[in-house]
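In: Structure for this input, please:
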Amino acid sequence: MNDIDSLIQQQITQWPLAAKNLAALDQVQTRTLVLSPGETFTIQYNPGRITSSTAKTDSQSIGQRPCFLCAKNRPAEQPGLPFKAAYEILVNPFPIFPRHLTIVEQQHLPQRIHGRMTDMLELARELSDFIVFYNGPKCGASAPDHFHFQAGQKGLMPIEEEWSHLEKQLIFNDTEVLVEAAVHYSRKCLVVEGQHPESMVHWMEKIIGCLPANHEEKEEPLLNLLAGYEAGLWRIYLFPRGAHRPRQFFSSGAGQLLLSPASVDFGGLLITPREEDFDKLDTDTIRDIFKQVSLSDTSWQQLLKDLQK
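Out: Numbers count the residues shown, from 1 in each chain. This is a model prediction of the structure:
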């Protein structure tokens with residue numbers, strides 16, 4: 001969509017908050033950790049993300065604040081671009097990427113991916129320079145009461161480059177869709193690739209339907225999604241979750257680490273809003289955190305068996 005860059009430039013010119021935070025991205029610190037050959041993490045120290053990383057997403061807290069994604073509550077300086085009949089594309093004023101968008105449902109509807117996979121694929125095709133991502137409730141969405149996607153420019157999450165080199169288990173393959181699972185990876189990950197949206201949606205719905213139920217507040221299964229489109233081919237990464245946040249998040253003193261993994265973190269770009277967390281993250285801690293928040297080994301093996309039936 002050619003209007004995206006115009007929207008970003010307009011926001012830089014007319015919205016001081018967006019201009020300040022986008023400019024601050026030029027100063028963020030990053031470092032790289034290698035977990036194993038072919039698997040790396042980029043750690044980003046981004047103090048502007050502290051509100052999102054520590055957001056209270058319980059029903060009581062959400063009920064006590066106005067929805068910041070509803071049009072009536074957004075700043076007057078934050079116009080958007082329409083997408084289909086249901087969505088509006090906004091510039092994210094607290095960015096992780098130099099080009100970071102939030103795609104908001106125009107109605108105040110809860111964060112549920114059911115029935116919206118086709119929208120995600122169409123969005124990835126229209127925003128072909130971006131990776132579109134979805135954070136489920138209790139999986140990094142700081143506004144689980146209002147449906148939204150996000151999108152960040154391609155090339156900044158390590159998984160985009162390393163997936164093709166990883167060891168994978170074949171789940172399904174025909175002329176329309178390829179489904180594979182990562183092997184010996186720090187995160188549980190399934191990837192669905194194809195050129196036919198109907199087949200991809202079918203498989204995404206099948207996978208989600210096989211995930212362990214999340215009985216808390218009758219929400220959808222715990223998951224994160226990344227989706228990209230290039231040269232006629234879609235690729236969707238699905239990360240099934242076992243928990244919202246690791247125990248380190250709730251610790252006190254020196255043991256505390258304010259890392260609340262969402263889609264971008266599962267993609268290999270770890271966002272740390274505090275400098276002490278940026279400094280002390282190491283490979284063992286990263287492995288431990290993703291073991292806690294990813295689907296358990298037992299549930300993962302059961303999922304793979306169910307998908308091959």
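
In: Quick one: neighbours of residue 57, just the number.
Out: For residue 57, the neighbour count with other CB atoms under 10 Å is 18. Glycine gets a C-beta too; all of them are placed from N, C-alpha and C.

In: wouldn't it be in contact with residue 137 here?
Out: Yes. Contact status for residue 57 versus residue 137: in contact at 7.2 Å, counting by CB atoms under 8 Å.

In: so where do the helices sit in the stretch 151-300 of the chain?
Out: 158-162, 197-210, 247-250, 263-266, 275-280, 283-293, 297-307 (DSSP state H, counting those that start in this stretch).

In: buried set for the first one?
Out: When burial is assessed from 16 or more other CB atoms under 10 Å, helix 158-162 yields the following buried residues: 158-160.

In: before we move on, back to that, quick one: common contacting residues for residue 57 and residue 137?
Out: Common contacts of residue 57 and residue 137 (CB atoms under 8 Å, 6 or more residues apart in numbering): residue 144.

In: picking up where we left off before, which of the helices of the stretch 151-300 of the chain is buried the deepest?
Out: Greatest average neighbour count among those goes to helix 263-266 (a mean of 28), per mean count of other CB atoms under 10 Å.

In: How far off centre is it?
Out: 5 Å (CA atoms, centre = their mean, to the nearest Å).

In: ok, now stretch 37-53?
Out: 12 Å.

In: Can you give the contact residues for it?
Out: Applying CB under 8 Å, 6+ apart, the external contacts of stretch 37-53 come out as 21, 24-25, 28-35, 94-96, 142, 156-158, 162, 165-166, 185-186, 258-260, 268-275, 278, 281, 286.

In: And it, end to end?
Out: 29 Å (CA to CA, to the nearest Å).

In: lowest confidence element among the helices and strands of this protein?
Out: Here the helix or strand of the chain ranked lowest by mean pLDDT, DSSP states H and E is helix 50-53, holding a mean of 73.

In: That helix: what's the following helix or strand?
Out: As assigned by DSSP states H and E, the chain's next helix or strand after helix 50-53 is helix 59-63.

In: where's the helix or strand just after that next one relative to the chain centroid, distance-wise?
Out: Going down the chain from helix 59-63, the next helix or strand is strand 81-83, by DSSP H and E. Relative to the centre of its chain, strand 81-83 is centred 21 Å away, using CA atoms, centre = their mean.

In: With stretch 256-268 instead?
Out: Averaging C-alpha positions (CA atoms, centre = their mean) puts stretch 256-268 9 Å from its chain's average.

In: again with stretch 142-159
Out: Relative to its parent chain, stretch 142-159 has a centroid offset of 4 Å by CA atoms, centre = their mean.

In: Residue 20 should be in a strand, yeah?
Out: No. Counting by DSSP: H, G, I helix; E, B strand; the rest coil, residue 20 is not part of a strand but helix.

In: what residue ranges in the stretch 101-250 of the chain score low on pLDDT?
Out: Counting by pLDDT under 70, the stretch 101-250 of the chain has low-confidence residues at 215-218.

In: What backbone torsions are found at residue 211?
Out: Per-residue torsions, residue 211: phi -70, psi 150 (degrees, to the nearest 10).

In: what number of residues lie near residue 42?
Out: Counted by other CB under 10 Å, the residues lying close to residue 42 total 16.

In: isn't there a helix covering it?
Out: No. Read with three-state DSSP, residue 42 is strand and lies in no helix.

In: wait, isn't residue 124 in contact with residue 227?
Out: Yes. Assessed by CB under 8 Å, residue 124 is found in contact with residue 227 at 4.4 Å.

In: Next, show the common contact partners of the two.
Out: Here residue 124 and residue 227 have 131-132, 234 as joint contacts, going by CB under 8 Å, 6+ apart.

In: Pick the one among those residues closest to residue 115.
Out: Nearest to residue 115, judged by CB to CB, of these is residue 132 at 16.3 Å.

In: Distance from the strand or helix carrying the closest one to the middle of the chain?
Out: Per DSSP H and E: residue 132 is located in strand 130-135. From the chain centre to the centre of strand 130-135 is a distance of 5 Å (CA atoms, centre = their mean).

In: hey, C-alpha coordinates of that strand in CSV?
Out: This file holds the C-alpha atoms of strand 130-135, laid out as CSV (Å, rounded to 0.1, in the frame of the first residue of the first chain):
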residue,chain,number,x,y,z
PHE,A,130,6.0,-6.1,6.5
ILE,A,131,5.5,-9.1,8.7
VAL,A,132,2.0,-9.1,10.1
PHE,A,133,1.6,-10.4,13.7
TYR,A,134,-1.1,-11.4,16.1
ASN,A,135,-0.8,-11.6,19.9
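
In: other SSEs contacting that strand?
Out: Applying 3 or more CB pairs under 8 Å, 6 or more residues apart in numbering; DSSP states H and E, one finds that strand 130-135 makes contact with helix 117-126, strand 148-153, strand 223-230, helix 263-266.
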